[in-house]
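Chemist: Predicted structure and sequence below. I'll ask about it afterward.
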Amino acid sequence: QQEKEDLQGKLKLREHLSQTAGKSEGTPASSKNIDLEMKQLQCKLKNSNTEATKQSATIKSLKNQVQEKEERIRQLQAKISQLERDLTMKRHLIEDLRSRLKANQENEKTSNETLESLERKVKALAEDKKASIDSLKQRFNVAMKEKSQYEQMYHKAKDDLEKKDLKLTKLERKMIETEYAMTDLETAASQQLHGLAKQSAQALETLQKELLLASDKVEEFKTFVKTLTRELHHSVQELRTKIKLAKKIGGMEACKKGLSQECLQLAASILNVSTTDLYEILQEGDDEETARTKMEFEKDKEWLQHIQKLLEVQSPFASCLMDAVLEKLNEKKKLVEEYSSLMKHTL
């Protein structure tokens, strides 16, 4: 929307400039350029309008999606409430079944306890007889197993000790080798670090030199732009003064017819001024011309301030700077054409 308003403002400004250019005497090339610029601005305005319509359509589609999702959320909430109700009903049913199960389990426990007591008495009598025989057999088997296990453990421990002795000797050799390798690596790393430090210092110096050169180039560019704008402003002011003098000379032609050259020279010698200065004095008092010069002075001042701001801001600013310079060049072109037409009429 802001770009649209800017384009509309530029379009109105171009239309105003085209109207003023139509009233003043100008070349057809400048009017064609103005028409082309107006067409370009109109195209940009149409593009912005189409973009705005697209954005509004996307907003409407998003609103519809949001409404659909909200409806989906309501449906899901209704389902959740229904499921919660079903869940409470099932919980009550489960609790009822648990209470029944506990009652059945308690009855089963009492019957099982009586049956287990009878079985224990029967087994106790049979196990007491077998216990003495089994205990003796188990003690004998355990003693034999322990003997074989102790013998196996002795042989394994002996073999493990021999293997560990061999591993220890190998590890001692490897430790000595790794110590030598570590010393070699430390020396190589220190040498590489010194080399890298030197390379980084050289790279920093080159970067600082390039940065200084770039800053010098930027300052030269700024001075070039400032001098260019000063010269352009000075040339425009000179053309304006020449146009004013040409207009005054055209007005003085009528005065020359009424007054003789000798009278004008005599008046100029009395006032100690030139004849052109005398004509200027005679033509003073034009309020409209003074207001116009004041307005032009204010415009030039604003233009110079705009150039200064463009040079102070960060990039990109080339397009804005080019537009400002082209604006002043077009103004100079119009003034040159006006001055040439006035000089033709005076000659």
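Modeler: Yep, that arrived.
Chemist: who does the longest helix seen in the chain touch, helix- and strand-wise?
Modeler: Counting residues, the longest helix found in the chain (DSSP state H) is helix 28-258. Secondary-structure packing of helix 28-258 (3 or more Cβ pairs under 8 Å, 6 or more residues apart in numbering; DSSP states H and E): helix 2-23, helix 275-282, helix 287-312, helix 318-346. The C-beta positions use only the backbone N, C-alpha and C, and glycine is treated the same way.
Chemist: what's the least confident stretch among these?
Modeler: For the helices and strands packed on helix 28-258, mean pLDDT drops lowest on helix 275-282, to a mean of 57.
Chemist: State the three-state secondary structure for residue 316.
Modeler: coil (DSSP: H, G, I helix; E, B strand; the rest coil).
Chemist: Next one: it from residue 225, what distance?
Modeler: 15 Å (Cβ to Cβ, to the nearest Å).
Chemist: Same question for residue 318.
Modeler: On the measure of Cβ to Cβ, residue 318 and residue 225 end up 11 Å apart.
Chemist: How about residue 307?
Modeler: Counting by Cβ to Cβ, the gap from residue 307 to residue 225 is 7 Å.
Chemist: Overlap of the contact sets of these two?
Modeler: residue 321 (Cβ atoms under 8 Å, 6 or more residues apart in numbering).
Chemist: between the two, which one's more packed in?
Modeler: Between residue 307 and residue 225, counting by other Cβ atoms under 10 Å, residue 307 is the more crowded of the two (22 against 17).
Chemist: got a list of what the more buried one touches?
Modeler: Applying Cβ under 8 Å, 6+ apart, the residues near residue 307 are 225-226, 229, 321, 324.
Chemist: for those, which one is nearest residue 154?
Modeler: residue 321 (97.4 Å; Cβ to Cβ).
Chemist: Pretty sure that closest one sits against residue 225.
Modeler: Yes: taking contacts as Cβ atoms under 8 Å, residue 321 lies within contact range of residue 225: 7.1 Å.
Chemist: so who does the residue nearest to residue 239 when sequence neighbours are not counted touch?
Modeler: Nearest non-adjacent residue to residue 239, counting by Cβ to Cβ, 6 or more residues apart in numbering: residue 335, 4.1 Å away. Neighbouring residues of residue 335 by Cβ under 8 Å, 6+ apart: 236, 239-240, 243.
Chemist: circling back: now the contacts of residue 307 in a markdown table, please, with extra columns for distance to residue 61.
Modeler: Output for the contacts of residue 307, formatted as a markdown table (distance: Cβ to Cβ, whole Å):
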| residue | distance to residue 61 |
| --- | --- |
| 225 | 49 |
| 226 | 53 |
| 229 | 51 |
| 321 | 42 |
| 324 | 43 |
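Chemist: Got a quick ChimeraX command for the buried subset of those residues?
Modeler: To isolate the buried ones among the contacts of residue 307 in ChimeraX, judged by 16 or more other Cβ atoms under 10 Å, type:
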select :225,229,321,324
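Chemist: Between the contacts of residue 307, which sits nearest residue 342?
Modeler: residue 229 (26.3 Å).
Chemist: Distance of that closest one relative to residue 124?
Modeler: 121 Å.
Chemist: Same question for residue 200.
Modeler: If you go by Cβ to Cβ, the gap between residue 200 and residue 124 works out to 92 Å.
Chemist: Mutual contacts of residue 321 and residue 225, please.
Modeler: 307, 311.
Chemist: Now for residue 48, how many residues are close by?
Modeler: For residue 48, using other Cβ under 10 Å, the count is 18.
Chemist: got a list of what the closest residue to it other than its chain neighbours touches?
Modeler: Leaving out its chain neighbours, the residue that sits closest to residue 48 by Cβ to Cβ, 6+ apart is residue 4, at 4.3 Å. Residue 4 is in contact with 45, 48-49, 52, counting by Cβ under 8 Å, 6+ apart.
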